[in-house]
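Participant: Predicted structure and sequence below. I'll ask about it afterward.
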Amino acid sequence: MYYLRHFNKKTFFTHLSSLLCNKKEVLKFDNNDSHEHETYHQFHVCYLDGPSVQKFLPKSAEGRAHKNYCRSIFHVIKNQFNSMRSNKEDSIYSTMDLGQAFTIYRYHFSKYTKHVVATILFSADANGIFVNWIVVTQTKFTMDTYGTSGNNETFRSCGIATFLILLVQMRLALFGWKTDVYLQVNQGSNSVQFYEKLGFQKAASNKKEEMPTTWEPFVNKKKGSMYIKFVDDKMNAEFPSKSHLHLYKLSDFLLKPTNPNKASVAKIVPLVPSDKNAVMIAWPFDMKGTNVDGAAEDLYIFGLRGFKFRNEQIFMRKTLPNTRQGAIRSYQDEDVKVSQYISWKEDLAKDHIAWLSTGDIGLSIQ
Ligand SMILES: CC(C)(COP(=O)(O)OP(=O)(O)OC[C@H]1O[C@@H](n2cnc3c(N)ncnc32)[C@H](O)[C@@H]1OP(=O)(O)O)[C@@H](O)C(=O)NCCC(=O)NCCS
């Protein structure tokens, strides 16, 4: 969670995401102060893609790990509700088989134990996101369990659920898919306030027709590329009105500029040039490795140490240096046009086969 801490500025969330497992490790915070935490706990964000893990054999190590993972998620969800209809229990496993999940674990460094703190189970495609389940555990962050960093606060109301919904939206945005979020809310539960605070709006009716029409084949069906557990008003009628479920929709993207008045934020510069034949990426970059590192410092992934260049002699060099140092090679120039870039990006959301043309291979093997 440390690497995602920028997405939630609440103090307790920052505290959780900055905990270290390894006492020797010292983290640099934004103000450049060094902090060391007395803890063996760390919070991890884990992503599950249900369809792609179905290939694990039940008795293999991966198969057993997957089964334990699903069981722990199931129990955490079940424990957050006083009662649960049996078909709802079933829907938890169906979502994990056919859909996706983000889960936050607390991980104990020396005991190697993991506990689920929060999870979101969803299905998504180009038309948006359907959240089947979202829960944050009620357990507290006590000193008994967490040592000196414990403060007896609960994991709820520190923005964890908001963060999970944002993660899902960011994943879809990466594919260029719609980031609208649909879900059903129990009208008698105080979670209604949570959803309204985030900007969810109650749909005009509780009918599946309020959702994208392409989702129709997946509603309450246990096969297909999505799984949508939907309780219509006929099913609602079998239960007291307080526990009726109603459809809600969020059309807003949850990540907002922290300072909308700042000139650099207000002026949005499109990343992709409008001319399809313009050059998007010129390879090799006319930059030294260390310059690239500097430019990428603020990027969440490429700013990490593992992605840094070993030195500026070996990589990113267009011409050979005067004095040869080790196995230095020059790179062939390759311009990536906007149209090519867009085809790769679209392919990411589909078949992952775009890197098969001769030009692409030529670029990728450099
Ligand atoms: C509903 C739930 C997921 C919210 O999780 P959470 O991590 O506490 O939510 P967040 O911290 O992101 O909340 C965002 C805002 O909503 C508020 N909020 C959250 N739950 C609230 C509630 N029950 N009543 C009123 N406000 C609430 C928070 O205080 C916060 O407000 P702030 O930004 O002004 O401080 C969690 O309470 C839960 O797991 N409940 C039981 C299971 C459940 O009902 N799930 C939903 C149906 S599947």
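Facilitator: It's in.
Participant: Show me where the stretch 101-250 of the chain has its strands.
Facilitator: In the stretch 101-250 of the chain, the strands defined using DSSP state E, counting those that start in this stretch lie at 114-125, 128-136, 140-141, 153-154, 181-186, 201-202, 245-250.
Participant: what ranges do the helices span in the stretch 51-200 of the chain?
Facilitator: 61-79, 86-98, 143-146, 160-174, 191-198 (DSSP state H, counting those that start in this stretch).
Participant: will you turn those into a markdown table that also has mean pLDDT?
Facilitator: Putting the helices of the stretch 51-200 of the chain into a markdown table (pLDDT from 0 to 100) gives the following:
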| stretch | mean pLDDT |
| --- | --- |
| helix 61-79 | 93 |
| helix 86-98 | 89 |
| helix 143-146 | 78 |
| helix 160-174 | 94 |
| helix 191-198 | 96 |
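Participant: Would you mind naming what in the stretch 251-366 of the chain lies close to the ligand?
Facilitator: Selection of the stretch 251-366 of the chain residues close to the ligand by Cβ under 6 Å from any ligand atom yields an empty set. Placement of C-beta: from N, CA and C, glycine included.
Participant: Can you name the residue of the stretch 251-366 of the chain nearest the ligand?
Facilitator: Nearest residue of the stretch 251-366 of the chain to the ligand: L254, at 9.8 Å (Cβ to the nearest ligand atom).
Participant: so who does the closest residue to that residue other than its chain neighbours touch?
Facilitator: Of all residues not flanking L254 in the chain, L166 sits nearest, at 4.4 Å (Cβ to Cβ, 6 or more residues apart in numbering). Applying Cβ atoms under 8 Å, 6 or more residues apart in numbering, we find L166 in contact with 7, 254-255.
Participant: Tabulate these (CSV), appending neighbour count.
Facilitator: CSV is the format used below for those (neighbours: other Cβ atoms under 10 Å):
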residue, neighbour count
F7, 17
L254, 18
L255, 13
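Participant: so which of those residues comes closest to N127?
Facilitator: L254 (18.4 Å; Cβ to Cβ).
Participant: Quick one: find the helix or strand in the protein with the lowest mean pLDDT.
Facilitator: The weakest-scoring helix or strand in the chain, judged by mean pLDDT, DSSP states H and E, is strand 27-28 (a mean of 40).
Participant: Of the strands of the stretch 101-250 of the chain, which is nearest I73?
Facilitator: With Cβ to Cβ, the closest approach to I73 among the strands of the stretch 101-250 of the chain belongs to strand 114-125: 5.3 Å.
Participant: How many neighbouring residues does whichever residue of the stretch 201-350 of the chain sits closest to the ligand have?
Facilitator: Minimum separation of the stretch 201-350 of the chain from the ligand (Cβ to the nearest ligand atom) falls at L245, amounting to 9.2 Å. For L245, the neighbour count with other Cβ atoms under 10 Å is 21.
Participant: From here on, call the first residue 8.
Facilitator: Sure thing, new numbering starts at 8, so read that last one as L252.
Participant: for the nearest residue to it once chain neighbours are set aside, what are its contacts?
Facilitator: Leaving aside its sequence neighbours, L252 sits nearest to Q191 (Cβ to Cβ, 6+ apart; 4.0 Å). Counting by Cβ under 8 Å, 6+ apart, Q191 makes contact with 213, 237-238, 252-255.
Participant: Residues of the stretch 108-257 of the chain that sit close to the ligand?
Facilitator: So far as Cβ under 6 Å from any ligand atom goes, the stretch 108-257 of the chain lies against the ligand at 140-143, 163-169, 196-198, 200-201, 204.
Participant: Can you tell me which of those are buried?
Facilitator: Buried by 16 or more other Cβ atoms under 10 Å: 140-143, 163, 165-169, 201, out of these.
Participant: what's the most distant pair in these?
Facilitator: W140 and C165 (19.6 Å).
Participant: Wait, the residue of the stretch 258-373 of the chain closest to the ligand touches T169, no?
Facilitator: Yes. Taking contacts as Cβ atoms under 8 Å, L261 lies within contact range of T169: 6.4 Å.
Participant: shared neighbours of the two, anything?
Facilitator: By Cβ under 8 Å, 6+ apart, the residues touching both L261 and T169 are L205.
Participant: Just to check, K230 is in contact with Q61?
Facilitator: No. Counting by Cβ under 8 Å, K230 stays clear of Q61, with 11.6 Å between them.
Participant: Let me see the contact set for the closest residue to S198 other than its chain neighbours.
Facilitator: Closest residue in space to S198, ignoring its immediate chain neighbours: V192 at 6.4 Å, by Cβ to Cβ, 6+ apart. With contact taken as Cβ under 8 Å, 6+ apart, V192 is in contact with 198-199, 202, 207, 252-253, 255.
Participant: So what sits opposite V192 in the bridge?
Facilitator: On the basis of DSSP bridges, V192 is bridged to H253.
Participant: Would you mind measuring from it to V143?
Facilitator: 15 Å (Cβ to Cβ, to the nearest Å).
Participant: Look at K16 and say how many residues are nearby.
Facilitator: By other Cβ under 10 Å, the residues close to K16 number 10.
Participant: part of a strand, is it?
Facilitator: No. With DSSP: H, G, I helix; E, B strand; the rest coil as the criterion, K16 is assigned coil and is not in a strand.
Participant: how close does it sit to the ligand?
Facilitator: 11 Å (Cβ to the nearest ligand atom, to the nearest Å).
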